[in-house]
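# The sequence and its predicted three-dimensional model are supplied below.
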Amino acid sequence: MTDASPEDAPETVPAYQGPRRVLSGIQASGALHLGNYLGALKRFTQLQDTGAPCFLFVADLHAITVWQDPDKLTAQTREIAAAYLASGLDPARSIIWPQSAVRAHSELAWILNCVARLGWLDRMTQFKEKSGKHKERSSVGLYTYPVLQAADILLYKATEVPTGEDQKQHLELTRDIAQKFNTDFKVPGFFPLPEPLTQGPAPRVMSLRDGAAKMSKSDPSDQSRINLTDDADSIVAKIRKARTDPDALPETLEGLEGRAEAKNLVTIYAALADMSREAVLAQFAGQGFGAFKPALADLAVASMAPVTAEMRRLMDDPTEIDRVLKDGAERAAALADPVVNEVKKIVGFWRG
């Protein structure tokens, strides 16, 4: 997808030789829920505990591509950071920071906007989905935010990015931008071509009210999700009211086909218990939801209670969160600023 002709490129392109770095971020918009915990936060902690160098930011620049209440944005940023910490991420081993606190994100994004091509962005399906029938009313930022996402990754020369199905296209764009920059400016291997990081299939947690829709913080119904700040009574009530069907649980996964809500609850149980879905069905086969839901509720409360308690503690005393974010921003900037300065030199900007 590069505009450069093949003869302009060297015959053998040197591969990136820098250190391994894993990077990801969560948008500072809305309350986090069980799907975020099982699909992202828990997996980040597992990565950290294997020794992976993790870079985890709060994506507040991405958040404002759609309207955010300014009075709530700071609180939402702290809530995401609290969720990182409560899930087991250690700021001594992983860098945690607010995206907007490191100005190099925005600087590199502009330069990469001039490297990326309009046709590439036109192919991004998420913009089409998010803008719907009102494309002309959407912000320019919503259209170009995949380039900012590329800047987030390349700024730290991240080599791996935990990627769900909905973000694979954006990571491919990041690779295209990195390759085009390296080729256009004749700096082979300057930016890595980041790889998607897979730790096995992430649990796909669906809405408690509709097994065909993902659990989402933007769903208007609070009954559709289990928030990370929900207390035990709320968790129990939401699971009790979760949509199901009248049939008993089957013995095999094949028996869950066509039963989206049943499959979702079994998936949640398996993820919380670190079991396979086959093992869950072996334990509960033949039982109805009158027996399964209380067991799931007990497991959810036991699993989430420590996370919820720590999040509440941190949010009641934001001083600790702010200290972590400030320290993380300083550490992130110390790595990012030299990269963006080198990019400016490569591009030809006056350096004085």
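Looks like it arrived, so ask away.
# Off-centre distance for the helix or strand of the chain with the lowest mean pLDDT?
Least confident element among the helices and strands of the chain, by mean pLDDT, DSSP states H and E: helix 125-131 (a mean of 74). Mean-position distance between helix 125-131 and its chain equals 17 Å (CA atoms, centre = their mean, to the nearest Å).
# Quick one: name whatever helix or strand follows it.
Downstream of helix 125-131, the next assigned helix or strand under DSSP states H and E is helix 140-155.
# who's in contact with that following helix?
Contacts of helix 140-155 from elsewhere in the structure, counted by CB atoms under 8 Å, 6 or more residues apart in numbering, are 23, 25, 57, 59, 61-62, 64-66, 99, 102, 104-106, 108-109, 112-113, 116, 121, 124, 126-127, 130-131, 161, 170-171, 173-174, 177-178, 191-192, 194, 336, 339-340. No exception for glycine: its C-beta is placed from N, CA and C like everyone else's.
# Which ChimeraX command selects the buried ones in those residues?
A single ChimeraX command selects the buried members of the contacts of helix 140-155 (16 or more other CB atoms under 10 Å):
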select :23,25,57,59,61,62,64,65,66,99,102,104,105,108,109,112,116,121,124,127,131,161,170,171,173,174,177,178,191,192,194,336,339,340
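# Residue 37 touches residue 88, doesn't it?
No: using CB atoms under 8 Å, residue 37 is not in contact with residue 88; the gap is 10.7 Å.
# who has more neighbours, those two?
For residue 37 versus residue 88, the count of surrounding residues by other CB atoms under 10 Å is larger for residue 37: 25 against 17.
# how close does the more buried one get to residue 20?
25 Å (CB to CB, to the nearest Å).
# need the strands for the stretch 51-200 of the chain, in chain order.
Along the stretch 51-200 of the chain, the segments classed as strands by DSSP state E, counting those that start in this stretch run 54-59, 95-98, 160-162, 195-197.
# elements contacting the longest one?
Read that as strand 54-59. Packing partners of strand 54-59 (3 or more CB pairs under 8 Å, 6 or more residues apart in numbering; DSSP states H and E): strand 22-27, helix 42-49, helix 70-86, strand 95-98, helix 318-347.
# so residue 73 sits right up against residue 61, yeah?
No: using CB under 8 Å, residue 73 is not in contact with residue 61; the gap is 10.8 Å.
# ok, which stretches of the stretch 151-300 of the chain are helices?
Counting by DSSP state H, counting those that start in this stretch, the segments of the stretch 151-300 of the chain that form helices are 168-184, 232-241, 260-273, 277-284, 289-316.
# got a list of contacts for the shortest one?
Counting by CB under 8 Å, 6+ apart, the neighbours of helix 277-284 from elsewhere in the structure are 249-253, 255-256, 266-267, 269-270, 273, 291-292, 295.
# wait, which of the residues you listed is closest to residue 183?
Distance ranking of the contacts of helix 277-284 against residue 183, using CB to CB, places residue 267 first at 43.0 Å.
# Give the full set of residues in contact with the closest one.
For residue 267, the contact set (CB under 8 Å, 6+ apart) comprises 203-206, 277.
# again, only this time at 10 Å
38, 203-206, 211, 256, 277, 280 (CB atoms under 10 Å, 6 or more residues apart in numbering).
# again with residue 318
The contact partners of residue 318, taken as CB under 10 Å, 6+ apart, are 74-75, 78-79, 81-82, 325.
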